[in-house]
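Got a sequence here, can you build the structure:
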Amino acid sequence: MTGSKKILFVCVENAGRSQMAEAFFRKYAPKGYEPASAGTKPIREVNPVAIEVMKEIGIDIGRQKPKVLTSDIISDSILSVNMGCMDKTECPAVFMKNSLDWNIEDPKGKSIDMVRVIRDNIELKVRQLCKTLE
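Model prediction:
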């Protein structure tokens with residue numbers, strides 16, 4: 001998708017919230033937009049519970065890989081969405097231009113039922129964002 005406008009979703013580990021947001025944005029984005037996600041301290045793999053709750057609704061994020069937030073990724077995006085910060089010293093918002101802060105709870109270590117609530121909240125916010133871009 002060259003020439004598309006990139007929306008960046010970021011969190012610290014890039015293993016749950018930002019991965020789900022990237023997948024939802026890919027599904028709902030208006031024509032001409034493309035998602036990306038990254039983290040300030042990415043871990044090795046996407047949260048398995050996040051993968052599971054996304055599969056429940058027909059979206060597979062199992063092949064996604066956490067990526068490090070770089071200045072190139074930031075500069076390539078027209079908007080950055082900070083998913084929420086647990087660790088204020090590693091908070092991606094510190095590095096981002098033109099950003100929104102959604103303050104979404106981290107699914108790490110949460111029950112599957114709580115991760116479903118987080119997933120549904122992310123989907124709602126992504127859909128609302130997409131309406132503003134149309």
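
Tell me which residues of the helix or strand bottoming out on mean pLDDT in the chain come out buried.
In the chain, the helix or strand scored least confidently by mean pLDDT, DSSP states H and E is strand 99-101, which has a mean of 85. For strand 99-101, burial by neighbour count (16 or more other C-beta atoms under 10 Å) applies to 99-100. Any C-beta I mention is one placed from the backbone N, CA and C, and that applies to glycine too.

chain center to the helix or strand immediately after that strand in the chain: distance?
Going down the chain from strand 99-101, the next helix or strand is helix 112-133, by DSSP states H and E. Using C-alpha atoms, centre = their mean, to the nearest Å, the distance from the centre of helix 112-133 to the centre of the chain it belongs to is 10 Å.

Convert helix 112-133 to PDB, retaining C-alpha atoms only.
In PDB, the C-alpha atoms belonging to helix 112-133 read as follows (Å, rounded to 0.1, in the frame of the first residue of the first chain):
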ATOM      1  CA  ILE A 112      -9.500 -14.100  29.100                       C
ATOM      2  CA  ASP A 113     -12.800 -12.500  30.100                       C
ATOM      3  CA  MET A 114     -11.000  -9.200  30.900                       C
ATOM      4  CA  VAL A 115      -9.000  -9.400  27.700                       C
ATOM      5  CA  ARG A 116     -12.300  -9.800  25.800                       C
ATOM      6  CA  VAL A 117     -13.500  -6.500  27.400                       C
ATOM      7  CA  ILE A 118     -10.200  -4.800  26.500                       C
ATOM      8  CA  ARG A 119     -10.500  -6.200  22.900                       C
ATOM      9  CA  ASP A 120     -14.100  -4.900  22.600                       C
ATOM     10  CA  ASN A 121     -13.000  -1.400  23.900                       C
ATOM     11  CA  ILE A 122     -10.200  -1.300  21.400                       C
ATOM     12  CA  GLU A 123     -12.500  -2.300  18.500                       C
ATOM     13  CA  LEU A 124     -14.900   0.500  19.500                       C
ATOM     14  CA  LYS A 125     -12.200   3.100  19.700                       C
ATOM     15  CA  VAL A 126     -10.700   2.000  16.300                       C
ATOM     16  CA  ARG A 127     -14.200   2.200  14.700                       C
ATOM     17  CA  GLN A 128     -14.700   5.700  16.100                       C
ATOM     18  CA  LEU A 129     -11.200   6.700  14.800                       C
ATOM     19  CA  CYS A 130     -12.000   5.400  11.400                       C
ATOM     20  CA  LYS A 131     -15.200   7.500  11.200                       C
ATOM     21  CA  THR A 132     -13.100  10.600  11.800                       C
ATOM     22  CA  LEU A 133     -10.800   9.700   8.900                       C
END
